[in-house]
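Visitor: take this sequence and fold it.
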Amino acid sequence: MAESAARSTRIPQPSSPAGWILVGLGAAGFAYLLYAPVLLLESFLRTLGGVFMFATLALAWNIIGGFAGYASFGNVVFFGLGGYTVATLMAKAGWTFWPALVVAGAVGVLFAVLMGLPILRLRGHYFAIATLSVAEGMREIVVNMPSLTGGGAGITIPAVGLEATTSYPGNTGFYYFFLILLLVALAVTWRVSRSRFGYSLRAIHQDEDSAAALGINTTRAKVAAFALSGLLTALTGAIYAFQQVTIYPNRLFSIEFTVLMVVMAVIGGTGTIFGPVVGAVGLQFLSEYLRQNYLELHTVLFGAIIILAVIFLPNGIVESARELRSTKRIRFLDNVKANRL
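Guide: Predicted structure coming up:
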């Protein structure tokens with residue numbers, strides 16, 4: 001168990017050549033992302049912002065679904081609650097964006113704890129169905145509260161004019177919002193993966209009963225993971241709601257968001273640090289390419305590629321690449337030992 005956990009969190013150290021290369025590439029990539037608004041078109045900035053958003057959602061799902069092994073199909077409820085908290089406070093109470101964002105995160109954590117305490121007692125597909133049911137139930141509640149949420153007609157955040165409580169940041173502003181949140185999510189994921197908390201989640205994933213027998217408080221660990229996932233997802237939903245200005249329950253609580261979170265994390269590699277990001281980047285750009293070049297077949301081709309990826313890369317892109325590199329290294333050493341080189 002410990003060996004498996006260590007293998008999934010191993011990162012090349014800066015003292016090694018591979019580590020320095022990784023650090024250099026990371027620094028260059030970060031510098032490019034910082035200056036991207038100066039170099040790229042506004043429309044592409046919005047696309048990149050969407051990539052960062054989905055990468056954050058996939059990372060948030062990965063904490064409960066990848067590390068703990070509890071495949072939640074209801075994380076969209078945190079996304080929707082975060083969005084509607086910001087929209088309601090700004091449109092109805094006249095709050096500015098930043099205090100509303102803090103409250104949205106708190107709502108995500110609180111709801112995750114209240115939701116997690118009962119349903120995290122379930123396992124497997126029962127847990128997945130329960131989370132999906134909660135998300136759908138929350139969507140119906142929002143639809144049937146028109147005086148507060150606008151109901152099915154949606155709610156509009158004052159973004160321009162005298163009624164605006166916070167100036168609308170535009171594509172460049174939201175690009176940085178989503179980038180910062182993604183970096184925070186990456187830092188949180190990295191910290192979790194290398195902490196006692198992360199090892200507890202992996203133990204629960206592998207065998208929850210054995211983990212409990214070893215003294216791990218499985219209920220507390222699962223609820224904490226769910227709350228952390230809810231926090232990141234709610235913050236993402238809050239920023240997304242402000243970006244969209246007008247939001248609708250059928251959009252913010254859409255099953256499409258849940259499916260994309262799960263698929264991106266699975267294809268990239270669950271239980272890894274960078275897997276969900278790799279999956280989000282790859283699938284988002286693939287979707288954009290197919291939409292622009294094969295509009296009528298976009299959905300069919302996108303679905304087919306996802307199915308093929310799951311079949312041929314069952315452990316995800318990151319883990320498959322690691323296994324391939326390890327296999328090549330073993331073959332190289334075998335060749336050296338056999339005096340073939």
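Visitor: state the mean pLDDT of stretch 193-211.
Guide: Stretch 193-211 comes out with an average pLDDT of 94.
Visitor: show me which residues of it are buried.
Guide: 193, 197-205, 208, 211 (16 or more other C-beta atoms under 10 Å). (C-beta placed from N, C-alpha, C; glycine too.)
Visitor: just stretch 98-109 next, same as before
Guide: Applying 16+ other C-beta under 10 Å to stretch 98-109 flags 100-101, 103-105, 107-109 as buried.
Visitor: now, those residues that are in strands?
Guide: Using DSSP state E, no member of the buried residues of stretch 98-109 falls in strands.
Visitor: as JSON lines, the residues you listed with pLDDT and distance to A36 would be great.
Guide: Shown next, in JSON lines, are the buried residues of stretch 98-109 (pLDDT from 0 to 100; distance: C-beta to C-beta, whole Å):
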{"residue": "A100", "pLDDT": "97", "distance to A36": "27"}
{"residue": "L101", "pLDDT": "97", "distance to A36": "23"}
{"residue": "V103", "pLDDT": "98", "distance to A36": "30"}
{"residue": "A104", "pLDDT": "98", "distance to A36": "26"}
{"residue": "G105", "pLDDT": "97", "distance to A36": "26"}
{"residue": "V107", "pLDDT": "98", "distance to A36": "31"}
{"residue": "G108", "pLDDT": "97", "distance to A36": "28"}
{"residue": "V109", "pLDDT": "98", "distance to A36": "31"}
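Visitor: what's the most distant pair in the buried residues of stretch 193-211?
Guide: Distance extremes for those: the farthest pair is S193 and E208 at 18.8 Å, using C-beta to C-beta.
Visitor: how about the helices in the stretch 151-300 of the chain?
Guide: 170-193, 196-206, 208-213, 218-244, 249-252, 255-268, 275-293, 298-312 (DSSP state H, counting those that start in this stretch).
Visitor: so which elements touch the third one?
Guide: In terms of contacts (3 or more C-beta pairs under 8 Å, 6 or more residues apart in numbering; DSSP states H and E), helix 208-213 is packed against helix 196-206, helix 218-244.
Visitor: go again with 6 Å.
Guide: With contacts defined as 3 or more C-beta pairs under 6 Å, 6 or more residues apart in numbering; DSSP states H and E, helix 208-213 has these neighbours: helix 218-244.
Visitor: flag every buried residue along the helix it packs on.
Guide: 218, 221-244.
Visitor: same check, this time on stretch 258-265
Guide: Buried-residue list, stretch 258-265, by 16+ other C-beta under 10 Å: 258, 260-265.
Visitor: and it, average pLDDT?
Guide: For stretch 258-265, the per-residue pLDDT averages 92.
Visitor: ditto for stretch 234-253
Guide: Summarised as a single mean, pLDDT over stretch 234-253 is 96.
Visitor: equivalent analysis for stretch 127-139, please.
Guide: The model assigns stretch 127-139 a mean pLDDT of 95.
Visitor: next one: stretch 314-332
Guide: 74.
Visitor: on that earlier part again, ok, so of the buried residues of stretch 193-211, who is nearest T299?
Guide: Using C-beta to C-beta, the buried residues of stretch 193-211 come closest to T299 at H205, 32.2 Å.
Visitor: look up how far G66 lies from that closest one.
Guide: 8 Å (C-beta to C-beta, to the nearest Å).
Visitor: with F30 instead?
Guide: 24 Å.
Visitor: what's the closest non-adjacent residue to S210?
Guide: A203 (7.3 Å; C-beta to C-beta, 6 or more residues apart in numbering).
Visitor: test my guess that the one you found contacts A211.
Guide: Yes: at 3.9 Å, A203 counts as touching A211 under the criterion of C-beta atoms under 6 Å.
Visitor: can I get the buried residues of stretch 258-265 in TSV with distance to V160?
Guide: What follows is those, written out as TSV (distance: C-beta to C-beta, whole Å):
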residue	distance to V160
T258	32
L260	30
M261	31
V262	36
V263	36
M264	33
A265	36
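Visitor: neighbour count for F30 and G66, which is higher?
Guide: G66 (31 against 12; other C-beta atoms under 10 Å).
Visitor: endpoints of stretch 266-284, how far apart?
Guide: Distance between the two ends of stretch 266-284: 14 Å, counting by C-alpha to C-alpha, to the nearest Å.
Visitor: tell me, how many residues neighbour L33?
Guide: 16.
Visitor: for V310, see how far away the residue nearest to T258 when sequence neighbours are not counted is.
Guide: Nearest residue to T258, sequence neighbours excluded (C-beta to C-beta, 6+ apart): V76, at 4.4 Å. Plainly put, V76 is 21 Å away from V310 if you go by C-beta to C-beta.
Visitor: who's more crowded, these two?
Guide: A side-by-side neighbour count of V76 and V310, using other C-beta under 10 Å, places V76 first with 30 against 13.
Visitor: tell me the contacts of that one?
Guide: Applying C-beta atoms under 6 Å, 6 or more residues apart in numbering to V76 gives the contacts 135, 253, 257-258.
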